[in-house]
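Enquirer: Provide a 3D model corresponding to the input given below.
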Amino acid sequence: MASLVNLVQLDLSHNNFFGKFSLELSNWTNLECLNLEGNKFSGTLPNTMQQNLHVIKLRGNRFIGNIPSQLCNLTCLTILELAENNLSGHIPHCLYKIMRPIMEFYPIYEIAVFAKGRELDYKKFLLVHSIDLSTNNLSGEIPKELFNLVQLWSLNLSRNHLIGKIPKEIGGMKGLESLDLSYNKLSGEIPWTISNLSFFDYLNLSYNNFTGQIPLGTQIQSFDPWSFIGNHELCGDPLPKNCYKQEASNDSKPAEGNEDDDFLKSLYLGMGVGFAAGFWGFCGSLFLVRAWRHKFFQLFHLLVDRLYVIVALKLKKAFNEY
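Expert: Below is the predicted model:
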């Protein structure tokens, strides 16, 4: 097989092949599509890959180790599926270098892509830009450089051990239709820039540690609550949990009306502290200074006597009139 120098597409999918797989000894300089999904291949991912590759589908195997940084050199890549393996380590920061615009025509015309929660068939695979790294053991933060892939159509990083926040750069991915970050350990607020994505058709952020209010936007509120469940500190439409304080759609800008609430809280707090300080200062002075204490009780008794006389005169006058 290594002698097939004109090989363009290699499809060994959905068999029972096992063992290690390498492209180092092959002369497939024209290879454009590599499909090994649904087998039992093991070992690490190939470090050497052909520069003309447009499709890499390795889903459902037993590959281990890190995602090789050599993938970043495949500038023609449009579909990368490494899901359902045992890959570990961080997502390479250099992945933003892939998926350069392709202007030529290639003979591979139809491809199946797992996106939007199901497998979809596409006639013109060159129009589909997809990355699926789900169901692995990937860790670390999502590289913000990954969201520079403005032409990306589908991104699935679900069922890993990713941490950190969703970078606000996600708002620049105008063509993104499908995003799945579920079952990770992501935290923080959902960036308000996600509301800029007007072509959203599938969104799943469930079972993370997101907090705050779900950003307001026509697309975001149109999804079912299951897209956000499992985030106990998340609130706002479409979840049934209301936010006690309407937070703004900007991560750093306070919501409208919150400034007045903060001012009133500060005012009430200052009044309470001032009253307590004055009260205990007055009582402490009476307790420590004997002359002040005597003077206070003299004034107190004098006030009581005057009130007694006033009340007695008022009552006597009332009885006489009666």
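Enquirer: from now on I want contacts and neighbour counts done on CA atoms only, so please keep to that.
Expert: OK.
Enquirer: using PDB, list the CA coordinates for stretch 54-71.
Expert: Extracted C-alpha coordinates of stretch 54-71, given in PDB (Å, rounded to 0.1, in the frame of the first residue of the first chain):
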ATOM      1  CA  HIS A  54      -8.000  18.100   4.100                       C
ATOM      2  CA  VAL A  55      -9.800  15.400   6.200                       C
ATOM      3  CA  ILE A  56      -8.600  13.500   9.300                       C
ATOM      4  CA  LYS A  57     -11.200  11.200  10.900                       C
ATOM      5  CA  LEU A  58      -9.800   9.100  13.700                       C
ATOM      6  CA  ARG A  59     -12.900   8.900  15.900                       C
ATOM      7  CA  GLY A  60     -13.600   5.800  18.000                       C
ATOM      8  CA  ASN A  61     -10.100   4.200  18.300                       C
ATOM      9  CA  ARG A  62      -7.600   3.700  21.100                       C
ATOM     10  CA  PHE A  63      -5.000   6.400  20.400                       C
ATOM     11  CA  ILE A  64      -3.200   7.700  23.400                       C
ATOM     12  CA  GLY A  65      -0.800  10.600  24.200                       C
ATOM     13  CA  ASN A  66      -0.900  14.200  23.200                       C
ATOM     14  CA  ILE A  67      -2.300  15.800  20.100                       C
ATOM     15  CA  PRO A  68       0.900  16.300  18.000                       C
ATOM     16  CA  SER A  69       1.800  19.900  17.200                       C
ATOM     17  CA  GLN A  70       2.600  18.800  13.700                       C
ATOM     18  CA  LEU A  71      -1.100  19.100  13.000                       C
END
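Enquirer: what mean pLDDT does that stretch get?
Expert: Mean pLDDT, stretch 54-71: 93.
Enquirer: one more: stretch 171-187?
Expert: On average, stretch 171-187 scores 91.
Enquirer: list the buried residues in that stretch.
Expert: 171-187 (16 or more other CA atoms under 10 Å).
Enquirer: try stretch 20-31
Expert: Neighbour-count burial for stretch 20-31 [16+ other CA under 10 Å]: 27, 28, 29, 30, 31.
Enquirer: sorry, back to before: just the ones of the buried residues of stretch 171-187 in strands?
Expert: Among the buried residues of stretch 171-187, the members found in strands (DSSP state E) are 178, 179, 180, 185, 186, 187.
Enquirer: for this structure, what helix or strand is lowest in average pLDDT?
Expert: Across the helices and strands of the chain, mean confidence by mean pLDDT, DSSP states H and E is lowest for strand 118-122: a mean of 52.
Enquirer: next structured bit after that one?
Expert: Downstream of strand 118-122, the next assigned helix or strand under DSSP states H and E is strand 130-132.
Enquirer: helices or strands next to that following strand in the packing?
Expert: Applying 3 or more CA pairs under 8 Å, 6 or more residues apart in numbering; DSSP states H and E, we find strand 130-132 packed against strand 79-81, strand 154-156.
Enquirer: okay, now the sheet partners of the first one, with direction.
Expert: What that stands for is strand 79-81. Partners of strand 79-81 in the sheet, by DSSP bridges, are strand 55-57 (parallel), strand 130-132 (parallel).
Enquirer: distance from the chain centre to it, please.
Expert: Strand 79-81 sits 22 Å away from the centroid of its parent chain (CA atoms, centre = their mean, to the nearest Å).
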